[in-house]
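Participant: Need coordinates for the following:
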Amino acid sequence: MSALTSYQKSKWFIIALCWFIVIVIFIYHYSFSARKIAKQEIPPALTRLENANPVADMHKAVDNGDFKFMVLGGYVSCIPGLPSEAMRLKEITGTHSIVGTGDFFESTEHVRLQTIAKRYAEQYNSALYQWLIKHPNIVKQEHLRNMKIPSKEDK
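Facilitator: Sure thing, here's the model as predicted:
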């Protein structure tokens, strides 16, 4: 076996050096991303829902003339607590997105608060829907006419 030529040694040194640089960049990027995610704060609007009363909040909003449903964000947003046959109401009343909800979670705490936000939106929207059914003058009568009011057996 012959010894490596200086050209071959240089070639292997450059390859090893390139791999070393790639690994250093990867480790730096990964640690920077992890620190960035760890430093991100969960939006205060999401943490507020932990101790909020959705029905009381709905009545306060209605008293202020706000009849919008709560929406969970994401690639496809959803309106929990609103029956499918009543989805067209959102076109009349509008919606509020709950900041901090979506398809991506930053931490286990974020997942926990998203679950609370979903439960809050379900209760808020259900209470608002029932209120709108009892006060049809708020929205056009033709939009409510064909909607089925869920009975206790349906729940």
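Participant: Strands of the protein, start to end?
Facilitator: 69-72, 95-98 (DSSP state E).
Participant: burial measure for residue 126, as a count.
Facilitator: As a burial measure, residue 126 scores 19 neighbours (other C-beta atoms under 10 Å). (Glycine included, C-beta is placed from N, CA and C.)
Participant: Against residue 86, how distant is it?
Facilitator: Here the distance between residue 126 and residue 86 works out to 10 Å (C-beta to C-beta, to the nearest Å).
Participant: Equivalent analysis for residue 71, please.
Facilitator: From residue 71 to residue 86 the distance is 14 Å (C-beta to C-beta).
Participant: cool, and residue 49?
Facilitator: For residue 49 relative to residue 86 (C-beta to C-beta), the value is 23 Å.
Participant: One more: residue 44?
Facilitator: 30 Å.
Participant: ok, those two, which is more surrounded?
Facilitator: Per other C-beta under 10 Å, whichever of residue 44 and residue 86 has more neighbours is residue 86, with 21 against 9.
Participant: Hmm, that one is touching residue 130, no?
Facilitator: No. Taking C-beta atoms under 8 Å as the definition, residue 86 is not a contact partner of residue 130, at 10.4 Å.
Participant: Low-confidence regions, this protein specifically.
Facilitator: Low-confidence segments of the chain (pLDDT under 70): 1-4, 29-40, 139-155.
Participant: Can you give the domain ranges for it?
Facilitator: 1-39, 44-145 (automatic domain parsing).
Participant: which of these sits most buried?
Facilitator: domain 44-145 (a mean of 16; mean count of other C-beta atoms under 10 Å).
Participant: quick one: residue 112 from residue 49, how far?
Facilitator: Taking C-beta to C-beta, one finds residue 112 at 11 Å from residue 49.
Participant: picking up where we left off before, now the strands of the chain as CSV including distance to residue 9?
Facilitator: Output for these, formatted as CSV (distance: least, C-beta to C-beta, whole Å):
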stretch, distance to residue 9
strand 69-72, 60
strand 95-98, 61
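Participant: out of the ones you listed, nearest to residue 81?
Facilitator: Nearest to residue 81 among the strands of the chain is strand 69-72 (8.1 Å), distances taken as C-beta to C-beta.
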